[in-house]
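Enquirer: output the structure for:
(chains A and B)
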Amino acid sequence: MPGHRTKGFCASAAALVLCAMLAGCGGPGESVGGGKVVLRYTWWGNPDRAERTEQAVARFEKQHPNVQVQTSFSAYDAYKQKLATQAAGGDAPDVMQLDYRQIDQYASGDVLLDLAKQKAVLRTGEIDPGLLATGRLDGTQYAIPQGRGTETVAYDVKAWKESGVPLPGGSWTWSEWADAMRALAQKTGRPGATDPGQSEDCFEVWLRGQGKSLYTKDGGLGFTAGDLTRWWTFTDELRREGVVSPAEQTTQLDGSVENTPLGRGEAMSDSNWDAPASGYLALIPSGVALAPMPSGEDGTPGQYFKPSMFLGVGASTAHPKEAAQLVDFLINDEEAAHILGATRGIPVNESVREAIEPQLKDFDRTIADYQASLEGSLKDPPQAPPSGDNALQTTFQRDYDQVSYERMSPREAAENYVTEAKAELRS
Amino acid sequence: MTTTDISAPAAGKAGTTPVPKRRPKRESQGPAWVFLSPWVLGAIVLTLLPMAVSLYLSFTDYDLFNPPRWVGLRNYVQMFTEDPRYWRSVMTTLTYVVIAVPLQLALALGVALALKSMKRGKGFYRSAFYAPSLLGASMSIALVWRAIFNDGGTVDNLLGTGGWVNKPGWALLAVALLTVWQFGAPMVIFLAGLQQIPGELYEAAAVDGAGKWRQFLSVTVPMLSPVLFFNLVLQTIQAFQVFTPAFAIGAGKGGPADSTLVYTLYLYDRGFVASHMGYASAMAWVLLIVIGAVTAVLFRTSRSWVFYASEGDR
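Expert: From the prediction side, this is the model:
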C-alpha cells in the first residue's frame, strides 16, 4: 500500500470499526421504530392468554399512536430463567409480568422502577390497599398486582361424570380427596390426578391446612423434615397404588398446562392456579370444572387468595412514562379488562371488577364463580416468599423425583431438601 | 468455557507467504493492526475479559442482582465437600464420556472403512452420514430425539421399551446416542486419514501373507494412529462439555431424577436457575482445569501408541 494513503486509510478503517462497535452497543431501550417509542412487554402464560393480550395491546397502541409495544411470552419455567438473565444483563424489558416469588429478589436487586414516581399516569386509588401492598418492599411500590388468583383442582367434567364417582362438592379434606382419586382410578383405569408430591404449591396448601407455613416471618423454613416426610409418604403411597400419575408423566411437568397429565389426556384432574386453568379448555373441549383444594382433616383451609401476578417496569427503561401508561391501561382500563377477562385472575381495580363481573362469560365466569364460592372462608395469604424460594421450587421437584423413581425414601429426600433449603435461604 | 479449537495452530501455515522482494518498512505495520483490530479487540473483549471476570466471580457470592461479595475459596470448598449434587453431575459426565466417545469413534471408523472400499455412491453416503453432524447440535433435533425416545414415541412403539427418556436408567444412554449419531466429523477425518495410507503397504502385507484383520491391525491402525489420536482428543473435550442434548432430553432440569444432570447442565442450573453465578463460575474453572489435565494425560499416553510416519526417518 502506498505510504501517503496510509493515514487516511487508517482513519477511515478505524472509523468503520468504531461505527460497527457503536451500532452493536446501542441499547434496546433506545430503539425507535419509525419515530415511535418502542416498549418491550413480556409475560408467561398460555396461547389463550396470548391472544387476549395481543388484542388488548392493539387497543393500547390505538389510544397511544406514538407507542409501539413488542410482546413476547413463554411457559413459566422458561420465562423465569430468561427474565433473570435479561435482568442481570441490565436488559430487563420495559414492562414485565412478575410472580410473587420474584418481587423480593428483583426489587432488592434494583431491577424495578419505583412506580410511585409515575403517579401522574399510573392510578392505584381503586386497588384494595392490602393487595396493593403486596407489590411493595421497604415502602417502595415496585410492582402492581394485576389480578387475584387461588389454587384449584381442575377436572375433566365429562369423564368424571361417566365414571360414576360423585362429583366434588363444596369442600373436601385431603383424605376425602385421596378416596375420590382412588375411586376414579379404579373405575377408569387412569390416574385420578397429577402426583401432587412434586408441587411446592400443593405442599404449602397441605401444610397450611395444619396451621403451619412454608416460611417463618424472618424468612426461615417454616416446617421440619418430619412434615415433608409425612407429605411425601402420603403422595408416594398414592403413586404406588396408581391413584396419581406415575413418575414418567410427572417428570414432564414444565409449568405449561399442555404437559400436565390432565392436558395430555392421561389423568382426570390437576391441581393448578385458577387463571391458567383456562388453558385446559383448548385441550379438553368437553369441559373443565373447578373444585376447591382439599383442606386439613379438621376443615382448616390451606389455599388462599394470592395476587396472581404483578406488573413491573424495568429500572433501566428509556421510557418510564409510556411504560407506566401501559401498566395503567392493563390494570385500570375497562376496555382492557373486557378483553383480558379473567385470564390473569379477577381484576384488582374495584370499579372495573364491578363493571365487568356481570358480563364475564365462559371460563371467566367459572373462575369468578369459583372465587366467589370461597370468599370469606380462606385465611390471609402468607407474606411474600424470600428470594431463595425462586430456586427452591425446582429443588423441591427434583428431590421428589428421587422419591417417585424410588431412588430415595421419602425421609431421605425430605432431609435432603431441608438441608438444601437451609443453605439456599442462608446465602 | 474452554476452547475446543485445537486445530487453530494449523492456520499458522497460511502465514508462510513467499519472501517479498522489497523488505517491508516499519510503518507498514499500521494497516496490519487496523485490519487485525476487530479480531484483537474481539479476543480481548469477548474472550479474555469475560474469562478474567469469571475467575474473579468464582471467588465471590453473586446472585446477578446485587453486587458480588468476596468469599474467598468458599465456592470451591462447598463444591468439593458439601454438595452431593455436584459429585452426581461429575459422575454423570464421566459415565457419559466413557459411553459416548468410544462408541462414536468406533462407529466413525467403521463407517469410514466401509466407505473407503466402496466403489459407487460414495459421495451420497458420505453426505448422508455427515448430515447429522450439521443438524445434530441444534435444539430442534434434540427435541425430535426426545419425542422419538419418549413414552409413546417411535422407539417405544417398535421395541415396547416404554420410553427411555423417562427412565432414570436409560435417559443418559439416549443423550449419548444423540452424540454418537453425530459421528460425521470424525468420520470425514478418518476417511481422509485412510486415503493417505499408501497402497503399497497393504500389497506388501498381502505378499507376506497377512489377512484382512492382520492388515487392519498392523497397517491401518498404526498408520491411522495420529488421526485417531486427534479425533480422540477433540471428541473427549467436546464430550466433557455436552449440554444441548442433555438439556433437551432432561427437559432442562437434568431429569428424570438427575440422571442426565451432566456437569454443564448443573453449572447452568446453579448460575441461571438458582442465581449463584459465583458458584457457577467456580465450576467452570474446575471444568477448564480438568479438561486441560485430561488432554495432557492423553498427550502423554500418546507417545506410546501414536506412530508418525516421519519418525521412521530419524
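
Enquirer: mind listing what's buried along the longest helix seen in chain B?
Expert: In chain B, taking DSSP state H as the definition, the longest helix is helix B:84-116. Within helix B:84-116, the residues that count as buried by 16 or more other C-beta atoms under 10 Å in any protein chain shown are B:85-86, B:89-90, B:92-93, B:96-97, B:99-101, B:103-105, B:107-109, B:111-113, B:115. C-beta here means a position set from N, CA and C on the backbone, and glycine is covered the same way.

Enquirer: helix or strand right after that helix?
Expert: For helix B:84-116, the following helix or strand on the C-terminal side (DSSP states H and E) is helix B:122-135.

Enquirer: that following helix packs against which elements?
Expert: helix B:84-116, helix B:184-196 (3 or more C-beta pairs under 8 Å, 6 or more residues apart in numbering or on different chains; DSSP states H and E).

Enquirer: at 10 Å instead, please
Expert: Judged by 3 or more C-beta pairs under 10 Å, 6 or more residues apart in numbering or on different chains; DSSP states H and E, the packing partners of helix B:122-135 are helix B:84-116, helix B:139-148, helix B:171-181, helix B:184-196.

Enquirer: quick one: average pLDDT of the second one?
Expert: Here the mean pLDDT over helix B:139-148 is 78, rounded to a whole number.

Enquirer: for my notes, confirm A:Ser72 occurs in a helix.
Expert: No: counting by DSSP: H, G, I helix; E, B strand; the rest coil, A:Ser72 falls outside a helix, being strand.

Enquirer: where does it land on pLDDT?
Expert: So A:Ser72 comes in at 90 (pLDDT).

Enquirer: any idea how far it lies from chain B?
Expert: 17 Å (C-beta to the nearest C-beta, to the nearest Å).

Enquirer: distance of that residue from B:Met51?
Expert: 31 Å (C-beta to C-beta, to the nearest Å).

Enquirer: chain center to the longest helix of chain B: distance?
Expert: 10 Å (C-alpha atoms, centre = their mean, to the nearest Å).

Enquirer: how big is the angle separating it from helix B:184-196?
Expert: With axes from the mean of the first three to the mean of the last three C-alpha atoms, to 10 degrees defining the directions, helix B:84-116 sits at 40 degrees from helix B:184-196.

Enquirer: what angle do helix B:122-135 and helix B:84-116 make with each other?
Expert: In terms of direction (the same axes, to 10 degrees), helix B:84-116 departs from helix B:122-135 by 170 degrees.

Enquirer: what segments of chain A are strands?
Expert: Counting by DSSP state E, one finds strands in chain A at the ranges A:32-33, A:36-44, A:67-74, A:95-98, A:136-137, A:140-141, A:143-149, A:151-156, A:269-273, A:288-291, A:306-313, A:346-347.

Enquirer: what's the answer for chain B, then?
Expert: Listed in chain order, the strands of chain B (DSSP E) span B:60-61, B:69-70.

Enquirer: picking up where we left off before, ok, and of the buried residues of helix B:84-116, which contact chain A?
Expert: Contacts with chain A within the buried residues of helix B:84-116, counted by C-beta under 10 Å from any C-beta of the partner chain: B:Arg85.

Enquirer: hang on, the earlier thing: which of A:Ser72 and B:Met51 has more neighbours?
Expert: B:Met51 (16 against 12; other C-beta atoms under 10 Å in any protein chain shown).

Enquirer: in contact with the nearest residue to A:Thr85 once chain neighbours are set aside, which residues?
Expert: Once flanking residues are discounted, A:Thr85 sits nearest to B:Phe272: 5.9 Å by C-beta to C-beta, 6 or more residues apart in numbering or on different chains. B:Phe272 makes contact with A:80-82, A:84-85, A:88, B:64, B:280, according to C-beta atoms under 10 Å, 6 or more residues apart in numbering or on different chains.

Enquirer: any of those buried? List them.
Expert: Neighbour counting by 16+ other C-beta under 10 Å classes A:80-82, A:84, A:88, B:64, B:280 among these as buried.

Enquirer: still on that earlier bit, what's the distance between the residue nearest to A:Thr85 and A:Ala107?
Expert: From B:Phe272 across to A:Ala107, the span is 20 Å (C-beta to C-beta).

Enquirer: so which residue is dead centre in chain A?
Expert: The structure's chain A has its C-alpha centroid closest to A:Asp99; by C-alpha atoms, centre = their mean the separation is 5.3 Å.

Enquirer: just to check, it is in contact with A:Gly45?
Expert: No: applying C-beta atoms under 10 Å as the test, A:Asp99 and A:Gly45 come out as separate, 11.7 Å apart.

Enquirer: list residues touching both of the two?
Expert: By C-beta under 10 Å, 6+ apart, the residues touching both A:Asp99 and A:Gly45 are A:76, A:79, A:309.

Enquirer: where does pLDDT dip in the chain?
Expert: I went with chain A, as the question did not name one. Chain A contains residues with pLDDT under 70 at A:1-34, A:427.

Enquirer: my question was about chain B, not that one.
Expert: For chain B, applying pLDDT under 70 flags the ranges B:1-27, B:136-137, B:151-152, B:156-157, B:160-163, B:309-314.

Enquirer: before we move on, back to that, for chain A, which of the strands of chain B is the nearest?
Expert: Proximity to chain A (C-beta to the nearest C-beta) singles out strand B:60-61 among the strands of chain B, at 6.4 Å.

Enquirer: and that closest one, does that touch chain A?
Expert: Yes: Strand B:60-61 lies within reach of chain A by C-beta under 10 Å from any C-beta, at B:Asp61.

Enquirer: so how far is that strand off the chain centroid?
Expert: So, by C-alpha atoms, centre = their mean, the centroid of strand B:60-61 is 30 Å from its chain's centroid.

Enquirer: now do that strand: which elements does it pack against?
Expert: Applying 3+ C-beta pairs under 10 Å, 6+ apart, one finds that strand B:60-61 makes contact with strand B:69-70, helix B:74-81, helix B:277-305.

Enquirer: quick revisit: can I get the strands of chain A in CSV including distance to A:Glu51?
Expert: Formatted as CSV, those follow (distance: least, C-beta to C-beta, whole Å):
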stretch, distance to A:Glu51
strand A:32-33, 23
strand A:36-44, 13
strand A:67-74, 11
strand A:95-98, 16
strand A:136-137, 32
strand A:140-141, 30
strand A:143-149, 17
strand A:151-156, 20
strand A:269-273, 19
strand A:288-291, 18
strand A:306-313, 17
strand A:346-347, 18
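
Enquirer: alpha carbons of stretch B:119-126, as PDB, please.
Expert: The C-alpha coordinates for stretch B:119-126 follow below in PDB (Å, rounded to 0.1, in the frame of the first residue of the first chain):
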ATOM      1  CA  LYS B 119     -16.900 -48.200  -5.400                       C
ATOM      2  CA  ARG B 120     -20.100 -46.400  -6.200                       C
ATOM      3  CA  GLY B 121     -22.400 -43.900  -4.300                       C
ATOM      4  CA  LYS B 122     -19.500 -42.800  -2.000                       C
ATOM      5  CA  GLY B 123     -20.500 -39.200  -2.300                       C
ATOM      6  CA  PHE B 124     -24.100 -39.900  -1.400                       C
ATOM      7  CA  TYR B 125     -23.300 -41.900   1.700                       C
ATOM      8  CA  ARG B 126     -20.600 -39.500   2.800                       C
END
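
Enquirer: get me the contact residues on the stretch 51-200 of chain A for chain B.
Expert: So the stretch 51-200 of chain A meets chain B at A:77-78, A:80-82, A:84-85, A:87-89, A:105-111 (C-beta under 10 Å from any C-beta).

Enquirer: identify the residue nearest the residue in the stretch 251-400 of chain A positioned nearest to chain B in space, chain neighbours excluded?
Expert: Closest contact between the stretch 251-400 of chain A and chain B, by C-beta to the nearest C-beta, is at A:Ala391 (3.7 Å). Nearest in space to A:Ala391, with sequence neighbours left out and distances taken as C-beta to C-beta, 6+ apart, is B:Ala274 at 3.7 Å.
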